[in-house]
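Asker: would you be able to build a 3D model of this:
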Amino acid sequence: MKPLDFSNITGFDWDEGNVNKNRDKHSVSSGECEEVFFNEPYFIYLDERHSISENRYYLLGETNEKRGLFIVFTLRKSMIRIISARDMNKNERKAYENLKKNSEI
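Answerer: Here you go, the predicted structure:
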């Protein structure tokens with residue numbers, strides 16, 4: 001998959017009914033979700049299975065405090081809309097560490 005172009009992204013779009021879901025369900029704050037997009041390396045993949053009406057992506061990355069997160073998001077015009085966020089599971093953490101080791105960042 002070619003890298004996503006974030007050059008026209010102006011911010012994050014939080015759904016009113018969804019903004020606290022990740023905090024309540026997985027103890028992940030909105031701020032932590034946003035941090036991951038600014039901390040390299042992160043790895044983004046198209047979520048083909050769930051990309052029905054719009055492209056959905058998942059991201060493996062870390063917060064400023066090195067907390068590994070799995071984030072599902074979509075792009076809406078010039079905004080990133082977070083759909084869900086949680087801690088990486090054991091297999092995702094292992095994959096992330098391997099990708100990080102093999103990346104040039």
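Asker: do you know how far the residue nearest to residue 50 when sequence neighbours are not counted is from residue 3?
Answerer: Spatial nearest neighbour of residue 50, chain neighbours left out: residue 56 (4.7 Å); criterion: CB to CB, 6 or more residues apart in numbering. C-betas here are computed from N, CA, C, even on glycine. As judged by CB to CB, to the nearest Å, residue 56 and residue 3 stand 16 Å apart.
Asker: could you give the number of residues near residue 87?
Answerer: Applying other CB atoms under 10 Å, we find 13 residues neighbouring residue 87.
Asker: cool, and residue 76?
Answerer: 10.
Asker: ok so residue 4 is a strand residue?
Answerer: No. For residue 4, which was evaluated using DSSP: H, G, I helix; E, B strand; the rest coil, the result is coil, with no strand membership.
Asker: distance check, it against residue 26.
Answerer: 23 Å.
Asker: ok, now residue 83?
Answerer: 13 Å.
Asker: kindly report the same for residue 69.
Answerer: The value you get for residue 69 to residue 26, if CB to CB is used, is 9 Å.
Asker: mind listing the shared neighbours of these two?
Answerer: Shared contacts of residue 69 and residue 26, defined by CB atoms under 8 Å, 6 or more residues apart in numbering, are found at 85-87.
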